[in-house]
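*Asks:* One predicted model, sequence on top.
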Amino acid sequence: AVTYRQYTCFQDLNSKLKDTAVLIEEKLDEVLSVMCINFDHGRYSKITTAYLLLGKLQSAMDQLHMHFTSAIHSRTYETVYRYASNTSADQKIQYEDLCRCVPLDLYIECLSNILTTLWGIMTSYQKMLSYHYSDSSCDEKLSQFDKNYVQQKLQLGLARIWQDVQNKVNPYLVSQDLSQFQFDDFIKVLDLVNRLIQVGQEFCGTPNIPCDLLREPLRAQSIQYFRRYHASRTEELHMFLNMELWELLPVKPTFTTLQLNEFRFMASKQNAKKKLSEIDDGYFSDKTPSPFIFANENVMEESFFDFQEDSDSDVNEELKQEFVEDGVAETDKGSKRKKMTSKVTFHNSSRDGPILTNTTLNVLRYLGKYMLMMDSLKPIAFDVLLSMSQLFEYYMYAVYMFFGSTNVESSNPRLAQLLLKIQSSIILADEPRPNGINIPAPQVSDLINLHDAQNLFGLKERLIATESLVFLASQFDLWKEYLDNQIPADKLNFLNQFYNQTLPLSRELREAVYSGVASKAMSYNAILQLMGNVKWEIKELMSEPNSYVYVMLQEMEAMQVKISVVSTFVPIPVEVYQMIWTLSVSELCNVFLEGFGSARKCTHEGRAWMQLDFQQFIVQVDKFITIKPVPGKDVVEHFIKAYYLTEADLEQWLRENYMSYSSKQLNSIINCTTAQFSKMMQRSRLSGIVDELIKKS
């Protein structure tokens, strides 16, 4: 053109060629911008070839990032505009203001479409990047310098594109008060943002990407949302416990928490991991659908209930007739006692479902939602764990308050300390805690009768309440690995303390509850009165036990019948049955101690009679419990044998065994033993030793 510039025709031709080149570049640039939204391998190959021929490939790469930024801004605006209300076509609204115009009921749908749009643009960028790293025909024509330039430019652009994505999502996240959302909707928002972060990590090729613009807005809102949600759930739990009648909720033996919709996310995570291991195509494969579209999953819960017709007719009529009236009557020594024919129905895990109530099921549903929140927003995972522990502890505290014995301070100091901690930390006090949880103290329903001896003082309700707590504790054992992975390392001490102290002590609550049955199940005072009428200063050996022993055994059989009737409504776990009888036998051994200790005078023949009575009792106890040795047996036998001690050995025995007996019982031994030798001074000295030892203890 320079050679022939003196010719007018060449000047016109040169001008037209320049105009054509500009027009070609404009068309190429237009098609290039389309590639940002819908990448096409064939068309993009032709575009890069054209830019290569024009010598404009590097400038095209510079322009490409502007096209991606423009696509992110324009397509996001268009998406939000479709959902916004109270806007007119001729009104230009800032993007931040436009986000506030999206109705709350369309918020999640709009967010899903925003993220799908952005994911599509990011997918196009990834495909473009893959193109320039592949062995394409166009890249073979590139010089090594141009090839390195294009690859480096695209690699550097990853962080810029990701920042642009965050800049468009952040204003939308802060545009609404998410506290108005239902729990499931709030979780969907968290899930969408977490998926976007995962997409961003794969897009940038590293898990260490900046995402504060996404996490911080949700973190602040999540803390406030969860606190309100937890306060609402504790109020509901308080109401449920106050109304709970502690009736067995019939569920199938195969019941697991994974059958609850609230725990479905755990199964989904396992399935997702399995699919990911089978197909590792990532988020930007042609086969991958949008990760931000919620599938219409069937949310119908698997039926785990095991409802059967139940009525009083199901209870064996013979069992009803075998009830023995309360009150003790003297029984002839030689009379034959009616043999027990009733059998206890024991709980069988392969036949019977776990013991739980409607309230237990509700607590499980709460805990499932809490764990989902923990999974969706890890920065507040510890706050969620703390709230989960509060739900469990309040349930445990209610069971104790409703059914527990009052002497737990002496029988189980660690349990008493835990209950006191629960009371001081979460139970509503006179002055509410400004930054803590305040739950009113639970009140047992007036419909629960714990004073009827015929139903063993509410054994059925006690059993269902206590064993439902044990079942709840067992579920935490199943979640241990999951919770370990969710909680920050510096907070694991709290989790370990919960597992090593609170959960084991919840199982120890059994004794505090069932002792309320054992301490009243039999007419101990009436039996003790009968023992008080026995004259132990006999002169000949007896071959038959005292009548009170037969009354005691009759009481035990009556109690067994009552337990068997309860078991027709609630199958009794073997360990619970053994515990009830262990506590009851311990009470009877205490009756023996108290009765024997009331004896003012006792001969050698009388001591032999005591041994005969107690041995007859021990033989019959084997029908009810399999625990060896029989609880309290050694204490009673040592007490009886102490009557045979010489004066020289008695003092040593008192010093070694004073912790096992009351002052009254020890003085009874002193009085009966020293009375044989008529040594008042020795009696006074030994009594003084007992008083001194007891004061020191």
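*Replies:* That came through, no problem.

*Asks:* Tell me which helix or strand the closest residue to residue 392 other than its chain neighbours sits in.
*Replies:* Distances taken as C-beta to C-beta, 6 or more residues apart in numbering put residue 472 closest to residue 392, at 6.5 Å, once the chain neighbours are dropped. To be clear about C-beta, it is placed using only N, CA and C from the backbone, and glycine gets the same treatment. Per DSSP states H and E, residue 472 falls inside helix 459-478.

*Asks:* Just the buried residues of that helix, please?
*Replies:* 459-473, 475-476 (16 or more other C-beta atoms under 10 Å).

*Asks:* Could you give me the buried positions within the next helix or strand after that helix?
*Replies:* Per DSSP H and E, the first helix or strand lying C-terminal to helix 459-478 is helix 480-486. Residues 483, 486 are the ones in helix 480-486 that count as buried (16+ other C-beta under 10 Å).

*Asks:* ok, residues contacting helix 480-486?
*Replies:* Here helix 480-486 makes contact (C-beta atoms under 8 Å, 6 or more residues apart in numbering) with 266, 371, 374-375, 378, 381, 385, 492, 495, 499.

*Asks:* ditto for stretch 375-391
*Replies:* By C-beta under 8 Å, 6+ apart, stretch 375-391 touches 187, 190-191, 194, 215, 218-219, 222-223, 226, 230, 233-234, 237, 265, 269, 363, 366-367, 370-371, 373-374, 426, 437, 483, 486-488, 491, 494-495, 498, 502.

*Asks:* which secondary structure elements does the helix or strand where residue 619 lies contact?
*Replies:* Using DSSP H and E, residue 619 sits in helix 604-621. Secondary-structure packing of helix 604-621 (3 or more C-beta pairs under 8 Å, 6 or more residues apart in numbering; DSSP states H and E): helix 547-569, helix 574-597, helix 633-642.

*Asks:* can you put those in TSV and add mean neighbour count, mean pLDDT and distance to residue 668?
*Replies:* Below are the helices and strands packed on helix 604-621 laid out as TSV (neighbours: other C-beta atoms under 10 Å; pLDDT from 0 to 100; distance: least, C-beta to C-beta, whole Å):
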stretch	mean neighbour count	mean pLDDT	distance to residue 668
helix 547-569	21	94	18
helix 574-597	21	93	4
helix 633-642	18	90	9
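
*Asks:* Could you dump those into a markdown table and include distance to residue 508?
*Replies:* Formatted as a markdown table, those follow (distance: least, C-beta to C-beta, whole Å):
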| stretch | distance to residue 508 |
| --- | --- |
| helix 547-569 | 22 |
| helix 574-597 | 11 |
| helix 633-642 | 22 |
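
*Asks:* Of those helices, give the one that comes closest to residue 83.
*Replies:* In terms of C-beta to C-beta, the element of those nearest to residue 83 is helix 547-569, at 56.1 Å.

*Asks:* other SSEs contacting the closest one?
*Replies:* helix 317-321, helix 459-478, helix 524-532, helix 574-597, helix 604-621.

*Asks:* related to what we said a few turns ago, can you give me the buried ones in the helix holding residue 619?
*Replies:* For helix 604-621, by 16+ other C-beta under 10 Å, it's 606-614, 616-618, 620-621.

*Asks:* and what of stretch 209-223?
*Replies:* Here stretch 209-223 shows 209, 211, 213-215, 217-218, 221-222 as buried, counting by 16+ other C-beta under 10 Å.

*Asks:* which intervals of the stretch 101-250 of the chain have sub-threshold pLDDT?
*Replies:* Per-residue confidence for the stretch 101-250 of the chain (pLDDT under 70) gives these ranges: 135-142.

*Asks:* got a list of what residue 245 touches?
*Replies:* Residue 245 is in contact with 445, 447-448, 461, counting by C-beta under 8 Å, 6+ apart.
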